[in-house]
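Visitor: Could you look at this predicted model? Sequence included:
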2 protein chains.
Amino acid sequence: MRYVDTRIPSQNEDYSAWYHAVVKAGMIAKQSPVPGCQILEENGADLWKEIERQFDPMIRNLGYRNKSWPALIPMSIFMKEQDHIDGFSPELAMIPKLKGRELDDQLCLRPTSETVIYDDMAGVVQSAKDLPIKWNQWCDVWRVEMRTKLLLRTFQFSWHESHWAMERHDDALQHTLDALNKYKVFCQEVLAIPVIDGEKSERERFAGADKTFTIEARMPDGKALQAGTSHLMGKGFADAYGISFAGRDGEPCSPFTGSWGMSTRIMGAIVMTHSDDRGLVLPPRISPYQVVLMVVQDSQTQDCSAFQKKVQDIKQALEKSSARFTIDDTDERLGKKQFHWEKQGVPIRIVYGANEMQDGTVTLIRRDTGAKLVVAEHSLQEELQTLLIEIQKDLLSKASKRLSQETVSISTLKDFETAIESQENGFFSVGWCDEVEAELHLKERYGYTIRCYPLNPETSFSRCFLTGKPSKTQAIVAKAY
Amino acid sequence: MRYVDTRIPSQNEDYSAWYHAVVKAGMIAKQSPVPGCQILEENGADLWKEIERQFDPMIRNLGYRNKSWPALIPMSIFMKEQDHIDGFSPELAMIPKLKGRELDDQLCLRPTSETVIYDDMAGVVQSAKDLPIKWNQWCDVWRVEMRTKLLLRTFQFSWHESHWAMERHDDALQHTLDALNKYKVFCQEVLAIPVIDGEKSERERFAGADKTFTIEARMPDGKALQAGTSHLMGKGFADAYGISFAGRDGEPCSPFTGSWGMSTRIMGAIVMTHSDDRGLVLPPRISPYQVVLMVVQDSQTQDCSAFQKKVQDIKQALEKSSARFTIDDTDERLGKKQFHWEKQGVPIRIVYGANEMQDGTVTLIRRDTGAKLVVAEHSLQEELQTLLIEIQKDLLSKASKRLSQETVSISTLKDFETAIESQENGFFSVGWCDEVEAELHLKERYGYTIRCYPLNPETSFSRCFLTGKPSKTQAIVAKAY
């Protein structure tokens, strides 16, 4: 058993150092010797698998089936849509030759799979009966990245990408929003992360898309994290890739297409949203382990067969519960175990030693609050169930309160400048003129971006905070990961 | 709903055409526009996920945890072990530059992950307490391949690869065999594929390994398919990668390492072992869908509310059962549905139409035998359960009988030559001198290889069938995929 003995610096002191220490000590991820790439450690790999296990049925529920396409894409296929290639070219990793021979058609490592999937769709779609198409894949993608940050910005990352094609525009738009809603529900209910769902501005749209929708989460340092996106491509890609069928009037017709994706960067949002200065905190519904049983071995218990028998009973109670659990029954001292499992973010730690045996109790410790609960041994299973639900609820409510309290409405540029003087990373709700030049100015002058135009705006603004022109929409403005 | 209307050529007529048609019509895989790479279609992707879902717990049961390493490996790391680099060099795909800059340390797409994982282990292993290490990953790998064959031989494929490090040689050897045994159990019990477990000859060993063990399956055309391998590396890799700890005598000491892997090519074995001239046949325990309900919509049933109510009842019975099922309630005619779902290999098809409603029955059709069973509607759930178990058992027993009947014992070169004259792909049990020159001759002169030295030899031979020298071991000799 490998114990973590990393110290975590405080969040207020050095946020970035705190984040990296939590990720590493929590065995989520670490740097690899491959430039720009991370290694997902034991908890990170399990966390991602757990996300797949729980989100995949939500994708299928919208009528999708999984497929799997090659990671290499011939450039002749990649280059068919101009905006798309312009958007991704700087980030491509290329394979120029195989078996010593230069390739006429060089291969790139996919930064996303639209192009190879559209090529596939073109062969499959023959008539309106073949629509809708709804395909998903869980895979890795590569975007060359020099300024890396564990989980959030890496050369290689994992994600699900769902791709669809539909006959009618209204169905297509509705589906784009239905997909976005799955993310919102998943983030809030399973990951306990409150998000703002909205539309992206023109400058922030996916390369080649008509509309991009997003869910944005606010991190404790005030920066926004884009947690999932859903794109309506319009007909541009379908036309570029020759996806067509005989329409109702007998004329060749192309479908509307779209895609949506959520990646391992969501794990960065989980880490930041819930963790504290003692290390990782994971919400019960997604945590690889929900419970750890720490058996206290001391001179009194070590060779006591009655104690060992009791431990077996507790293990059996855990096995009967639906909780995902692990057992630490090494003979390390309790302090070391506490220190380790606290950093692993396990929602509930169980302490069982001589005291507990004597009292017929079990001690439960909540990771989120540190609260200790002594419960009767026979009610363990029931108590765990209740407590896991309570922790999940409390984590969401804490994060939601923070989001609403720390999203600041401002009306003028002066207010904005005052606000960012006192607090570097503000999270603002503003009136917005929806002009690209203003957006560029915001980015260049202040380092801030338009995160989204909320689908359900709560405040109304008459003027754009930046230009003073009439406001066309409400916007969320923040620095972003 | 997309119906498959591909005709399947007969197996006897053209085995290779039959195989490719079954794989494509069964929506398992198809060629992609990327040279040497396949697309896993809906059933193929689900089948692989189902293999992961069922095999992953068997890996964890041996004490493993999942991790995830980058797909790109710097050549400086890859090249540390000479036999390894010699073995894989011709198959590597290279990325020579990123962001327009030539890399000093070029990156290769991993053909296997030993090298980057050993580099990781070197950082983690500090003392004997850190052992054993048991890590697994489910991922893609790339080996440049020009002579491709769907599922069996592709440039990119998916697999699980498990890597371990241990202190003692006896534990290491035992673990190598325990891992192999997991494959054997999984293939036989879950995939209904009987296999021969054995050791590889020197020539067929993994590049850099001390010992390689394998499970070999016999395909209906007489060729062998290597279905999974387990390698004992010895200390060569650990020394090359600087994995060391303070031994019991205080001196620096390196562990024994090993790895084992099973890939998407196992799906080729599933397809060939069970399918027939009507298309794909899948064993119930691994089939993405175990049951399909085909609702017969005709003039009598279409607008009959009593019928629709009955269909709902049957759907509910399916939902209550633990079976993985799908429903085809389109208004296509039954013939088209039968033709389609037969090719998808679904173990049990349910027919429900006006006749069934009138009789209070449900008609079940076994994919493997074509047998029809009319059962009372109320006993559907129970009948399905029994039948799925029976089909699973029958498929294994049929394949086992074929393996034992068609593995031919031969003693002399003359017998061998006579046998391969009458039947191109023989599957032979022989006495073997265990000499590399003899092995090379066998390959060059006859195109046959030593598949393995069975762990549990059943026959004993005094002489090598090829050289006439004293037999050192029993061997299985065959052509291989």
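Guide: Arrived safely, thanks for sending.

Visitor: Excluding residues flanking it in the chain, which one is nearest residue A:416?
Guide: Nearest residue to residue A:416, sequence neighbours excluded (C-beta to C-beta, 6 or more residues apart in numbering or on different chains): residue A:410, at 5.4 Å. Where you see a C-beta, it was placed from the backbone N, CA and C, and this is true even at glycine.

Visitor: Isn't that neighbour up against residue A:417?
Guide: No: between residue A:410 and residue A:417 there is no contact under C-beta atoms under 8 Å: 9.7 Å.

Visitor: wait, what's in contact with the nearest residue to residue A:72 once chain neighbours are set aside?
Guide: Nearest-residue entry for residue A:72: residue A:107, 4.2 Å, with adjacent residues in sequence omitted and distances by C-beta to C-beta, 6+ apart. Residue A:107 makes contacts with A:72, A:73, A:74, A:75, A:94, A:95, A:98, B:34, B:93, as judged by C-beta atoms under 8 Å, 6 or more residues apart in numbering or on different chains.

Visitor: Select from those the one having the most neighbours.
Guide: Highest neighbour count within the contacts of residue A:107, by other C-beta atoms under 10 Å in any protein chain shown: residue A:73, with 28 neighbours.

Visitor: any idea which element that residue lies in?
Guide: Using DSSP states H and E, residue A:73 falls within strand A:72-74.

Visitor: who touches the strand or helix carrying residue A:292?
Guide: Per DSSP H and E, residue A:292 falls inside strand A:291-295. The contact list for strand A:291-295 (C-beta under 8 Å, 6+ apart) reads A:301, A:311, A:314-315, A:318, A:323-329, A:334, A:337-338, A:341, A:344, A:346-353, A:384, A:388.

Visitor: and with 6 Å instead?
Guide: With C-beta atoms under 6 Å, 6 or more residues apart in numbering or on different chains as the contact definition, strand A:291-295 has outside contacts at A:311, A:323, A:325-329, A:337, A:341, A:346, A:348-352.

Visitor: So which of these belong to strands?
Guide: The strands, defined by DSSP state E, take in A:325, A:326, A:327, A:328, A:348, A:349, A:350, A:351, A:352 from these.

Visitor: thought the second one was touching residue A:287?
Guide: No: contact criterion C-beta atoms under 6 Å: residue A:326 and residue A:287 do not qualify, at 10.8 Å.

Visitor: Which one of these two is surrounded by more residues?
Guide: It is residue A:287, of residue A:326 and residue A:287, that has more neighbours when counted by other C-beta under 10 Å, with 27 against 15.

Visitor: The more buried one - nearest residue in space that isn't next to it in sequence?
Guide: Nearest one to residue A:287, counting by C-beta to C-beta, 6+ apart, is residue A:347 at 5.6 Å.

Visitor: Is it correct that the one you found is in contact with residue A:285?
Guide: No: look at residue A:347 against residue A:285 with C-beta under 6 Å: they stay out of range, at 9.4 Å.

Visitor: Which one's more surrounded, those two?
Guide: Using other C-beta under 10 Å as the criterion, residue A:347 and residue A:285 rank with residue A:347 on top: 27 against 20.

Visitor: What score does the more buried one have for pLDDT?
Guide: Residue A:347 carries a pLDDT value of 98.

Visitor: what's near enough to touch it?
Guide: A:284, A:287, A:290, A:367, A:391 are the contacts of residue A:347 under C-beta under 6 Å, 6+ apart.

Visitor: coming back round to it: residue A:410 and residue A:417: which has the busier surroundings?
Guide: Neighbour count, other C-beta under 10 Å: between residue A:410 and residue A:417, residue A:410 has more, with 20 against 11.

Visitor: what's the distance between the more buried one and chain B?
Guide: 38 Å (C-beta to the nearest C-beta, to the nearest Å).

Visitor: same thing with residue A:105?
Guide: 8 Å.

Visitor: give me phi/psi at that residue?
Guide: Recorded main-chain torsions at residue A:105 are phi -110, psi 90, according to degrees, to the nearest 10.

Visitor: thought it was touching residue A:74?
Guide: Yes: between residue A:105 and residue A:74 there is a contact at 4.5 Å, judged by C-beta under 6 Å.

Visitor: hmm, back to that, adjacent strands (with direction) for the strand holding residue A:292?
Guide: Note on strand A:291-295: by DSSP bridges, its sheet partners are strand A:325-328 (parallel), strand A:348-352 (parallel).

Visitor: rounded to a whole number, what's the mean pLDDT of it?
Guide: pLDDT averaged over strand A:291-295 gives 98.
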